[in-house]
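>>> This is the structure alone, sequence omitted:
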């Protein structure tokens, strides 16, 4: 048995569900905090858990370079290494190869690149990505795909998508099934409805435990992203989870949930937290703004996170201005709580049939 | 009533006691984690509390520059500002003026210096230091003194000590008494027994709620430091707390406790933690050492702190090598727990009469 998804409520296109895995259940719609290098930056994992997160994400690219997948395997796998007893999802490494590494050479076999850490040369292929994610003992493995550049011509997007589909087949062939573990395919095709549909069909022919939508939130804007979801999601099976990769801002997530997406990940809450930006019920707050210097209110009156329960805007302003680590810790904590609360509210609205 | 100190046990020169303050009791011997800029760096104060710390220290120099004492007063005082409900001690600012600021001019009135943050010019005097510490609402205020350079000639040390004693008198005169709050004087005199004794007598004539020993741990080495304690502590009153400023390594603290010192502060556990160094029951550990890369043991088998309970040497090695904030958080947490456990063990040994 692979991971098993049950839809528990539906409200128009939006749905609630539970993804059962070997390492615990995931309530959907779910937001997965990003734990790039085996840590959700500036947070203890017990606090991530307390925020309501059921699953976190690890980055294959970062972990294969440091401390290496072989070492993590030797140390008991990624979950044991970082002391997280829930499920983890790892990406395939393809996206970070394109965004972070240098000297990339792409051919039918895979991608050759140099590490951004020490310049060492690596070759990543669908088979290699499956092997690494297996060594990491990821609960959910992502198929290896090419990150299509944006903007690109129709022909470039088509060629890239077709390569990703061949790699998806090789990923499936190389993936080793385990009880309660799963492999997700990734729909590509840019903002072109026909390519997205062709990609979805190709993946369905191969057969995956979940379907991700890749290549969005790369600069196309929210409208094109939503339009693309509108023409893609209907081609994905009802009974499998749908994961929109790398998204996004709170209103991106709300719009995608309304279009039937179940899972999300994004560095925004953690990265923004480290940069002094908070997501709140009354919009984003740049804590560096001097208007907060003597404000004894919390970041968000409506928020029950430990940051908002214990600290004032004035204190957070001071910490972030003084570049204190505690500033990054408290702001990140708030943002992660904010995102988890958002997902909880969406799940509740779907169950109540009030998400319009 | 000022702060009130009761000795509860004695073992040779070492003693246990309780310092009762308006903001809670302090068990001595006590180690005060340093909360420079209104934060014990890289730790939540709830974790500092959980480690066993009864009191934390704030730095007048840092706080007067940012966010300013006036602002902290407006926001309810330092304890309220950082959400610490126990007592706080603030230093007088003199030490950091000498070690951190630029263009210092010293005269009988005080010290003129430029901020290391924005170059702004400030004049700090005993009266100004008392005013700032009052605005911070410090439970324990330190008299303003000159930080005597080391090494220095006997004449230089004598002149500096005498200036500090005149400033001590002015500090006492300017200090505003409040119930359960206290003012500590600072013994100076370098490594010279006669000057230390002269300084102690001068302070006793003025009368303080506690007596600090300043000007040590500045490069004189442990032997000279202990020798100086041997010729200073006997001149301090039995029924008042004794505080050795800026000390130190675990064995410095043990040696000083054996010589009758009750209170300590030092940036070592926090700064070392951020730099990847841990204090353990089997000596210091440099977590960057590659021998820890695949070691699944905790930092310290004998330690019950959350870091040692939840994480391996291998994970900490990875985090610190990858410059992850969580590495600084977990290492600092361990070190603060280690120091508090050290103090708890010393108190127990004194109560049991087994500290030799």
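Cool, the structure landed. Remember, predicted model here, so these are calculated numbers, not experimental data.
>>> Enumerate the residues of the stretch 51-200 of chain A near chain B.
Those residues of the stretch 51-200 of chain A that sit near chain B, judged by Cβ under 8 Å from any Cβ of the partner chain, are A:66-67, A:71, A:74-76, A:81-83. Using the backbone N, CA and C atoms, a C-beta is placed for each residue, glycine as well.
>>> Let's see that with 6 Å instead.
A:66-67, A:75, A:81, A:83 (Cβ under 6 Å from any Cβ of the partner chain).
>>> Present these as a markdown table; the columns should include distance to residue A:121 and secondary structure.
Formatted as a markdown table, these follow (distance: Cβ to Cβ, whole Å; DSSP: H, G, I helix; E, B strand; the rest coil):
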| residue | distance to residue A:121 | secondary structure |
| --- | --- | --- |
| A:66 | 15 | coil |
| A:67 | 18 | coil |
| A:75 | 25 | coil |
| A:81 | 25 | helix |
| A:83 | 32 | coil |
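>>> Would you show me how to pick out the buried ones of those residues in ChimeraX?
Of those, the buried ones can be selected in ChimeraX as follows, counting by 16 or more other Cβ atoms under 10 Å in any protein chain shown:
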select /A:67,75,81
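>>> List just the nearest of the residues of the stretch 51-200 of chain A next to chain B to residue B:111.
Proximity of these to residue B:111 (Cβ to Cβ) peaks at residue A:66, which lies at 47.1 Å.
>>> OK, contacts around the closest one?
If you count contacts by Cβ atoms under 6 Å, 6 or more residues apart in numbering or on different chains, residue A:66 has them with residue B:322.
>>> again, but for residue A:134
residue A:176.
>>> Then it would be within a helix, right?
Yes. Counting by DSSP: H, G, I helix; E, B strand; the rest coil, residue A:134 is part of a helix.
>>> quick one: it from residue B:228, how far?
62 Å (Cβ to Cβ, to the nearest Å).
>>> where along chain A do the helices fall?
When assigned using DSSP state H, the helices of chain A occupy the ranges A:45-50, A:60-65, A:69-74, A:78-82, A:94-100, A:126-136, A:154-174, A:193-206, A:222-232, A:250-258, A:268-274, A:306-310, A:313-321, A:325-352.
>>> Measure how buried the closest residue to chain B within the stretch 101-250 of chain A is and give me the count.
Residue nearest to chain B within the stretch 101-250 of chain A: residue A:117 (8.7 Å; Cβ to the nearest Cβ). Using other Cβ atoms under 10 Å in any protein chain shown, the number of residues around residue A:117 comes to 13.
>>> How about residue A:207?
Per other Cβ under 10 Å, the neighbour tally for residue A:207 reads 11.
>>> Next one, pLDDT for it please.
pLDDT, residue A:207: 98.
>>> With adjacent residues omitted, what lies nearest to it?
Nearest-residue entry for residue A:207: residue A:172, 7.2 Å, with adjacent residues in sequence omitted and distances by Cβ to Cβ, 6 or more residues apart in numbering or on different chains.
>>> what pLDDT does the one you found get?
98.
>>> before we move on, what about residue A:197?
pLDDT, read off for residue A:197, is 98.
>>> can you pull the contacts of it?
Contacts for residue A:197 (Cβ under 6 Å, 6+ apart) come out as residue A:235.
>>> how does chain A divide into domains?
A:4-265, A:267-356 (automatic domain parsing).
>>> The last one and chain B in contact?
Yes. Residues of domain A:267-356 contacting chain B under Cβ under 6 Å from any Cβ: A:310-311, A:314-315, A:318, A:322, A:324-326.
>>> just the buried members of those residues?
Buried members of those, scored by 16+ other Cβ under 10 Å, are A:311, A:314-315, A:318, A:322, A:324-326.
>>> In JSON lines, list those residues along with pLDDT and distance to residue A:302.
Shown next, in JSON lines, are those (pLDDT from 0 to 100; distance: Cβ to Cβ, whole Å):
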{"residue": "A:311", "pLDDT": "98", "distance to residue A:302": "16"}
{"residue": "A:314", "pLDDT": "98", "distance to residue A:302": "19"}
{"residue": "A:315", "pLDDT": "98", "distance to residue A:302": "19"}
{"residue": "A:318", "pLDDT": "98", "distance to residue A:302": "23"}
{"residue": "A:322", "pLDDT": "98", "distance to residue A:302": "27"}
{"residue": "A:324", "pLDDT": "98", "distance to residue A:302": "26"}
{"residue": "A:325", "pLDDT": "98", "distance to residue A:302": "27"}
{"residue": "A:326", "pLDDT": "98", "distance to residue A:302": "23"}
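>>> quick one: which two of those are the most distant?
Pairwise distances across those (Cβ to Cβ) peak at 18.4 Å, for the pair A:314 and A:325.
>>> quick revisit: from the residues of domain A:267-356 next to chain B, which is closest to residue A:60?
Relative to residue A:60, the closest of these is residue A:325; by Cβ to Cβ it sits at 27.5 Å.
>>> State whether the residue of the stretch 101-250 of chain A closest to chain B and residue A:63 are indeed in contact, as I suppose.
No. With contact defined as Cβ atoms under 6 Å, residue A:117 and residue A:63 do not form a contacting pair (11.7 Å).
>>> Quick check: residue A:135 touching residue A:68?
No. Between residue A:135 and residue A:68 there is no contact under Cβ under 6 Å: 8.7 Å.
>>> who has more neighbours, these two?
For residue A:135 versus residue A:68, neighbours defined as other Cβ under 10 Å are more numerous around residue A:135 (20 against 14).
>>> Check what pLDDT the nearest residue to residue A:226 once chain neighbours are set aside gets.
Closest residue in space to residue A:226, ignoring its immediate chain neighbours: residue A:255 at 5.3 Å, by Cβ to Cβ, 6+ apart. What the model reports as pLDDT for residue A:255 is 98.
>>> Ok, residue A:221 next?
96.
>>> Low-confidence ranges, the stretch 201-350 of chain A, go.
For the stretch 201-350 of chain A, applying pLDDT under 70 flags no range at all.
>>> Save the buried ones among the residues of domain A:267-356 next to chain B as CSV, and put in distance to residue A:145 too.
Shown next, in CSV, are those (distance: Cβ to Cβ, whole Å):
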residue, distance to residue A:145
A:311, 42
A:314, 46
A:315, 44
A:318, 44
A:322, 43
A:324, 40
A:325, 36
A:326, 39
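>>> From chain B, how far off is the residue positioned nearest the centre of chain A?
Per Cα atoms, centre = their mean, the C-alpha nearest to the average position across chain A is that of residue A:265, at 2.3 Å. Here the criterion is Cβ to the nearest Cβ, to the nearest Å. By it, residue A:265 lies 18 Å from chain B.
>>> Nearest spatial neighbour of that residue, chain-adjacent residues omitted?
Leaving aside its sequence neighbours, residue A:265 sits nearest to residue A:32 (Cβ to Cβ, 6+ apart; 4.3 Å).
>>> Just want the phi and psi numbers for residue A:116.
phi -80, psi -10 (degrees, to the nearest 10).
>>> hang on, isn't it packed against residue A:100?
Yes. Counting by Cβ under 6 Å, residue A:100 is a contact partner of residue A:116 at 4.9 Å.
>>> and residue A:18, what is it in contact with?
A:6, A:25.
>>> switch to 10 Å and redo it
Applying Cβ atoms under 10 Å, 6 or more residues apart in numbering or on different chains, we find residue A:18 in contact with A:4-8, A:25-28, A:30, A:54, A:241.
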